[in-house]
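**Q** what's the 3D shape of this:
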Amino acid sequence: MRKLLALFFLLCGFYSCTEVITVDLNSTSPKVVVEGFISNRPGPDTIKLTTTTNYFEPVGVNPVSGAKVVISDNTGHADTLHEVAPGKYLTSTTTGKIGYTYYLTVVASGKTYTAYSTMPDTVSIDSMSYAIRTSRFGPNSTSSYVVTCSFTDPSFAGHYYGFRLYRNGEIINNIVDNRVIDDKLLIGTAQHVKFRNDALLLGDSVRVDLVCMDKAGFDFFNTLKTTLNAGSPFSAPPANPISNISNGGAGYFGAQSFRSRTLQLQ
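**A** Numbering: from 1, shown residues only. Here you go, the predicted structure:
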């Protein structure tokens, strides 16, 4: 009996030392998020406006409606965008041109946000090819297509690349799903970028967009990829991607130029 009583008091001691710890995850005021770009392709181009949510909150879209959104260029042309759906604004008179600088002005909830970007020249795609890769696990094997996009970086520095992959006209990998590249160590060299997606099938038409962007675009997409791959929910909250939006806004506005090439999987 004395042994049982001693064990009882020992257990009580353990339980009395236990505390409930409440972790205070600080809330932050919502930020306006800008998502969009001007391209060298026929418009309209789209600017999307949303607001941020706190870390660990359920993911949702919070569109910003009723904003005034204007895109102007260095020649003095200005285009007031039209809201066609909550938070979605389209250009009507802007045509993207190589070498032009584009200025974005957003007035929302009494605050003004600005950004600017100069459209870089395009870089040609030299060739596209594909191969079939077979993976074997135990008695079973699976095959998938690997598409290679080859291009040559120009002989001078300052080029930044992103890629989009399309299957039968539908995008299946956007810039953030693929590599983004700067030419710091690549100047004047041939590049061979590979894309693998299990959705690619025999007979598919595959298109690759080679996207040229400014350094602000490279910094945004590069840090966005790091943020999206930050780890488990028990890791420290990731830092926000580097943004070129003024006045505490988030996201990215840019001028991007495209070259595309298509092949058929046979």
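
**Q** residues contacting the closest residue to residue 105 other than its chain neighbours?
**A** Excluding its sequence neighbours, the residue lying closest to residue 105 (C-beta to C-beta, 6 or more residues apart in numbering) is residue 70, at 4.7 Å. Quick note: C-beta positions are derived from backbone N, CA and C, even for glycine. For residue 70, the contacting residues are 78, 79, 80, 81, 104, 105, by C-beta atoms under 8 Å, 6 or more residues apart in numbering.

**Q** what's the neighbour count on the fourth one?
**A** Put plainly, it is residue 81. Other residues within reach of residue 81, judged by other C-beta atoms under 10 Å, total 24.

**Q** surely it meets residue 48?
**A** No - with contact defined as C-beta atoms under 8 Å, residue 81 does not reach residue 48; the gap is 10.8 Å.

**Q** ok, residue 228 to residue 183 distance?
**A** With distances taken as C-beta to C-beta, to the nearest Å, residue 228 is found 24 Å from residue 183.

**Q** Is residue 162 bridged to anything, and to what?
**A** Beta bridges link residue 162 to residue 211, judged by DSSP bridges.

**Q** Count the neighbours of residue 82 for me.
**A** Residue 82 is flanked by 12 other residues according to other C-beta under 10 Å.

**Q** Model confidence for it, exactly?
**A** In this prediction, residue 82 carries a pLDDT score of 97.

**Q** which non-adjacent residue is nearest it?
**A** Leaving aside its chain neighbours, residue 82 sits nearest to residue 90 (5.7 Å; criterion: C-beta to C-beta, 6+ apart).

**Q** For the one you found, give me its contacts.
**A** Listed by C-beta under 8 Å, 6+ apart, the contact partners of residue 90 are 43, 44, 45, 46, 47, 81, 82, 84.

**Q** Closest to residue 214 out of those residues?
**A** Relative to residue 214, the closest of the contacts of residue 90 is residue 45; by C-beta to C-beta it sits at 15.9 Å.

**Q** Let me know how buried the residue nearest to that closest one when sequence neighbours are not counted is, in neighbour terms.
**A** With sequence-adjacent residues excluded and distances taken as C-beta to C-beta, 6+ apart, residue 45 is closest to residue 91, at 4.8 Å. Using other C-beta under 10 Å, residue 91 is surrounded by 20 other residues.

**Q** Quick check: phi and psi on residue 222?
**A** phi -70, psi -40 (degrees, to the nearest 10).

**Q** Looks like it contacts residue 178 (just checking).
**A** No - with contact defined as C-beta under 8 Å, residue 222 does not reach residue 178; the gap is 11.7 Å.

**Q** And these two? Which one has more around it.
**A** Taking neighbours as other C-beta under 10 Å, residue 222 and residue 178 compare with residue 178 leading, 22 against 18.
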